[in-house]
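# Got a predicted model here, sequence first, then my questions.
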Amino acid sequence: MRLSRFFISTVAVLLAVTTAASACTPSDREALLSFKAALNEPYLGIFKTWSGDDCCVNWYGVSCDPETNRVADIALRGESEDPIFEKAGRSGYMTGSISPAVCNLDRLTTLVLADWKGISGEIPSCISKLPNLRILDLIGNKISGEIPADIGQLSRLTVLNVADNQISGSIPCSIVDLNRLMHLELSNNKLTGEIPTDIGKLSMMSRALLSRNQLTGPIPGSLASIKRLADLDLSMNQITGSIPAQFGSMPVLSTLNLDSNQLSGEIPTSLLANSGLNILNLSRNSLEGNLPDVFGPKTYFTAIDLSYNNLRGSIPKSLSSAKYIGHMDLSHNHLCGAIPNGSPFDHLEASSFANNDCLCGMPLRTC
């Protein structure tokens with residue numbers, strides 16, 4: 001009987017020690033509770049799960065490194081197919097701000113606080129001191145202030161997404177030091193100033209979305225040196241100058257949106273000859289000159305929009321030899337002459353050619 005009691009008590013002690021060893025550290029728990037205290041989520045009750053001593057177990061959106069039991073990820077998305085959202089029958093809404101206490105989670109690799117619509121305040125400057133951070137995703141809130149000046153210290157960062165906020169100021173020069181960055185999304189903010197001239201140092205970047213800001217100055221030619229860049233969106237800014245001719249030699253560029261800026265000069269011949277380019281929008285600029293006659297059997301455009309410019313001359317007949325052109329808009333230019341016959345012109349509407357100087361032929365008036 002005594003042996004049995006001894007065995008049971010020994011097992012209980014071992015279990016207690018094991019549980020204590022596997023629980024998250026008190027400092028991480030304290031940091032998470034301070035992070036929670038600065039936020040208010042009134043509808044889903046996700047922070048009600050943030051209770052108990054072990055923040056590594058059943059704390060919604062929190063995960064830990066299984067070897068160290070340190071908090072590694074905070075992933076809270078306001079738009080999700082998680083059952084907690086389906087049960088509530090609504091998307092998420094959260095107010096408050098990002099507490100600097102999050103910077104005490106020095107093993108954090110992921111911080112996602114996305115699409116909560118009401119989170120305001122600034123990005124804590126200490127964020128740049130998190131040595132292991134790989135993903136910073138704060139899209140879809142009301143965050144203001146500036147991007148931390150020393151954001152470039154996050155040497156392991158692969159995703160920086162602060163789109164759809166109210167962030168102002170310029171793009172920090174140090175951003176070019178994020179040599180592992182793959183996705184840069186700064187769209188729909190209040191950013192001003194010029195794009196760093198040496199942004200081409202971001203050699204791993206495949207996506208750069210900077211649209212709907214107030215950026216000025218020229219398009220940095222160094223962007224063309226990013227061999228992995230597939231999606232570039234600089235639309236709806238106040239960018240001036242010409243389109244770098246080197247864009248035509250970018251090996252994997254498939255989407256280029258430069259519309260609604262103040263670009264001038266001619267469209268580079270090499271750009272329209274780039275057979276890998278699938279979506280091209282250069283509309284609502286001040287581009288001039290003739291349309292280069294460089295299309296051929298490898299040309300494949302899902303969409304090409306050159307409307308609202310100052311293009312002159314005729315529509316190149318070589319467009320008829322393109323492999324595929326889905327949508328094309330050449331309206332509001334100064335084009336003249338006969339619209340070529342055959343594909344893709346036989347499926348385009350008159351609005352694609354409207355408000356030019358003297359275009360004629362189907363689908364417009366007869367020549």
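Arrived safely. Residues are numbered from 1 along each chain as shown.

# OK, contacts around P131?
106, 155-156 (C-beta atoms under 8 Å, 6 or more residues apart in numbering). In short, each C-beta sits where N, CA and C put it, glycine included.

# For K48, see how far away Y60 is.
According to C-beta to C-beta, to the nearest Å, Y60 and K48 sit 9 Å apart.

# Quick check on the two: which one has the bigger neighbour count.
Taking neighbours as other C-beta atoms under 10 Å, Y60 and K48 compare with Y60 leading, 16 against 9.

# So the more buried one is in contact with E41, correct?
No: when contacts are counted by C-beta atoms under 8 Å, Y60 is not listed as touching E41 (10.0 Å).

# any common contacting residues for the two?
Here Y60 and E41 share the contacting residues F47, scored by C-beta under 8 Å, 6+ apart.

# in the chain, which helix or strand is least confident?
One helix or strand of the chain scores below all others by mean pLDDT, DSSP states H and E: helix 2-22, with a mean of 40.

# Mind checking the pLDDT average for stretch 82-89?
For stretch 82-89, the mean pLDDT works out to 82.

# give me the low-pLDDT residue ranges for this structure?
1-22 (pLDDT under 70).

# cutoff 50 now
Low-confidence segments of the chain (pLDDT under 50): 1-21.

# Do a quick rundown of the helices in it.
2-22, 26-37, 83-88, 269-272 (DSSP state H).

# Return the set of buried residues in the shortest one.
This means helix 269-272. The neighbour-count criterion (16 or more other C-beta atoms under 10 Å) identifies 270-272 as the buried residues of helix 269-272.

# Output these in TSV, with distance to I123 appended to each entry.
As requested, these are exported to TSV (distance: C-beta to C-beta, whole Å):
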residue	distance to I123
S270	39
L271	36
L272	40
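
# Out of those, which is nearest to N257?
Proximity of the buried residues of helix 269-272 to N257 (C-beta to C-beta) peaks at L271, which lies at 13.0 Å.

# And that closest one, how far from L277?
Distance, L271 to L277, using C-beta to C-beta: 7 Å.

# same question, T269
T269 is 13 Å from L277, by C-beta to C-beta.
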